[in-house]
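>>> How does the following fold in three dimensions:
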Amino acid sequence: MKLTPLDIRKQEFKKGMRGYDIVEVDTFLEMIAADQEDSLKQQKEARDRIVELETQLKDYRQIEKTLQQTLLQAQEATGRTYESARREAESIVREAESRGAKIVEQAGADLARLRNELHRLNARKESLIGRLRVLLSSELDLLKTLEMGGGEELGLSSSLGTGKESVEIDSILKNIENDRTTQTH
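Have a look, this model is predicted:
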């Protein structure tokens, strides 16, 4: 049986002839009752504090669980973001390499085309130089003939020095041009 402070205070003992001093017993019972009240009050406060601490602990555990879930979600999101960025970077690198290869290929084709054009222009230049030499040589020959007083030869070859109807100059130029085109191929 559990005694309460009230039970202790109301407790009465039989009176006997040579019994204990009633005032002393009542005082002692009052002290025990007060001590019991204090103990019960402290127990109640401790129980209330335990309930409060258990509630806080439950809240902290819930917060911890939420934080762990948030951390896990953040790690997963970071992993997904990293993987997505890695895939995108690889795609960009592949595209850049492809574009670079196309640019190099186009530059190579342009270079070959320009080299061919350069060779063709050089051959044409050489051909024109040859023609001009022949023409100038013919004109110089004409001048020499005129200076020496060879007007009678002009009557025999009216096209001398003019470049018109001159079979020899045209055939020479064609031969030179044919020689050059066979050399460039």
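>>> Which residue ranges of the chain form helices?
5-10, 22-147, 151-156, 167-184 (DSSP state H).
>>> any idea how far residue 18 is from residue 128?
161 Å (C-beta to C-beta, to the nearest Å). C-beta: built from backbone N, CA, C; applies to glycine.
>>> Please say which of these two ends up with more neighbours.
residue 128 (10 against 4; other C-beta atoms under 10 Å).
>>> so what's the more buried one scoring on pLDDT?
At residue 128, the model reports a pLDDT of 93.
>>> mean pLDDT for the helices of the chain: which is lowest?
helix 151-156 (a mean of 51).
>>> ok, the residue nearest the centre of the chain to residue 77 distance?
With distances taken as C-alpha atoms, centre = their mean, residue 89 lies nearest the centre of the chain, 4.5 Å away. Residue 89 sits 18 Å away from residue 77, going by C-beta to C-beta.
>>> Count the neighbours of residue 145 for me.
Residue 145, neighbours per other C-beta under 10 Å, totals 17.
>>> re the thing from before, which of the helices of the chain sits most buried?
Ranked by mean neighbour count under mean count of other C-beta atoms under 10 Å, the helices of the chain are led by helix 5-10, which reaches a mean of 14.
>>> Tell me which other helices or strands that one touches.
helix 22-147 (3 or more C-beta pairs under 8 Å, 6 or more residues apart in numbering; DSSP states H and E).
>>> Show me what the helix it packs on is packed against.
Going by 3+ C-beta pairs under 8 Å, 6+ apart, helix 22-147 lies up against helix 5-10, helix 151-156, helix 167-184.
>>> hmm, try it at 7 Å
The helices and strands touching helix 22-147, judged by 3 or more C-beta pairs under 7 Å, 6 or more residues apart in numbering; DSSP states H and E, are helix 5-10, helix 167-184.
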